[in-house]
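J.: Compute the structure for the input listed below.
(2 chains)
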Amino acid sequence: SAVISQKPSRDICQRGTSLTIQCQVDSQVTMMFWYRQQPGQSLTLIATANQGSEATYESGFVIDKFPISRPNLTFSTLTVSNMSPEDSSIYLCSAGLRAGELFFGEGSRLTVL
Amino acid sequence: AQSVTQLGSHVSVSEGALVLLRCNYSSSVPPYLFWYVQYPNQGLQLLLKYTSAATLVKGINGFEAEFKKSETSFHLTKPSAHMSDAAEYFCAVTPTGANNLFFGTGTRLTVIP
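T.: Numbers count the residues shown, from 1 in each chain, chains lettered A, B, ... in the order given. Next up is the predicted model:
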């Protein structure tokens, strides 16, 4: 198993600002992912964080809005840029050790005013 | 394309009663299927997974699920509900060999004393 730590756990931000969420895994993992969970809804995959190369974004998500870094096999960041109230959500980091078996962090709850 | 449909956004059962949470999948290739549980204010935890071995899969906390290809279903069951089972349950699918998961909309389980 893997233990995933995210910070901040929650934040309240002003419209138009940006916030970077950090994700630290306690062991080296092959894949890392970022999901969004909007209030009362399911998880939506934002992107796959690729170590040493550009992230792979899902339909509806773009790098300018959600830039992602992954400098090594245990760490990744997600930035939510130029935030609006519609970006209020829980952002979850997950790490894959084998096909389809993901471990999740506790999430970062973001409120944009 | 892969997707899952969870029937019933809310399910209530009495303590000691059978738990049945429904999940149907759609996949153009043989799928891997998963159930995750999310307790309040916590991250997701893997309950069980189907990866093309035994069709009846046993997971943690007494839960099990049966993969039925003819019905494209992967329903989650537990013979006797406990108060501690109250949580949100998510069904998820990924194509064989892939790592990213696609989640259903979730089912909130309430256990009535």
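
J.: From now on I want contacts and neighbour counts done on CA atoms only, so please keep to that.
T.: Noted.

J.: What are the buried residues along stretch B:46-55?
T.: Judged by neighbour count using 16 or more other Cα atoms under 10 Å in any protein chain shown, the buried positions of stretch B:46-55 are B:L46, B:L47, B:L48, B:K49, B:Y50, B:T51.

J.: so the last one touches B:V57, yeah?
T.: The one in question is B:T51. No - with contact defined as Cα atoms under 8 Å, B:T51 does not reach B:V57; the gap is 9.5 Å.

J.: Cross-check the buried residues of stretch B:46-55 against chain A and keep the overlap.
T.: Restricting those to those touching chain A (Cα under 8 Å from any Cα of the partner chain) yields B:L46.

J.: and which of the buried residues of stretch B:46-55 is nearest to B:Y89?
T.: B:Y89 has its nearest neighbour among the buried residues of stretch B:46-55 in B:L47, at 9.1 Å by Cα to Cα.

J.: Nearest spatial neighbour of the residue nearest to the spatial centre of chain B, chain-adjacent residues omitted?
T.: By Cα atoms, centre = their mean, chain B has its centre lying nearest to B:W35, at 3.5 Å. Spatial nearest neighbour of B:W35, excluding adjacent residues (Cα to Cα, 6 or more residues apart in numbering or on different chains): B:C91 at 4.6 Å.

J.: Sheet-wise, list the partners of the host helix or strand of the one you found with their directions.
T.: If you go by DSSP states H and E, B:C91 is part of strand B:87-95. Here strand B:87-95 has these sheet partners by DSSP bridges: strand B:31-38 (antiparallel), strand B:102-103 (antiparallel), strand B:107-112 (antiparallel).

J.: if you average pLDDT over each of those strands, which comes out lowest?
T.: Lowest mean pLDDT within those: strand B:102-103, at a mean of 88.

J.: quick one on the thing from earlier: the strands paired with strand B:87-95 into a markdown table, with extra columns for distance to B:L18?
T.: Output for those, formatted as a markdown table (distance: least, Cα to Cα, whole Å):
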| stretch | distance to B:L18 |
| --- | --- |
| strand B:31-38 | 17 |
| strand B:102-103 | 24 |
| strand B:107-112 | 11 |
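
J.: Report the distance from the lowest-mean-pLDDT helix or strand in chain A to the chain centre.
T.: The weakest-scoring helix or strand in chain A, judged by mean pLDDT, DSSP states H and E, is strand A:101-104 (a mean of 84). Centroid separation for strand A:101-104 versus its chain: 13 Å, with Cα atoms, centre = their mean, to the nearest Å.

J.: right, and the helix or strand after it?
T.: Counting by DSSP H and E, what follows strand A:101-104 is strand A:108-112.

J.: Pull the contacting residues for the nearest residue to A:A49 once chain neighbours are set aside.
T.: Nearest non-adjacent residue to A:A49, counting by Cα to Cα, 6+ apart: A:A55, 4.7 Å away. By Cα atoms under 8 Å, 6 or more residues apart in numbering or on different chains, the residues touching A:A55 are A:A47, A:T48, A:A49, A:I68, A:S69.

J.: same thing with A:I68?
T.: Going by Cα under 8 Å, 6+ apart, A:I68 touches A:A49, A:E54, A:A55, A:S76, A:T77, A:L78, A:T79.

J.: repeat for A:L19
T.: Per Cα under 8 Å, 6+ apart, neighbours of A:L19: A:C13, A:T79, A:V80, A:S81.

J.: partners of the first one in the sheet?
T.: Going back to what we said before, that points to A:C13. Going by DSSP bridges, A:C13 forms beta bridges with A:V112.
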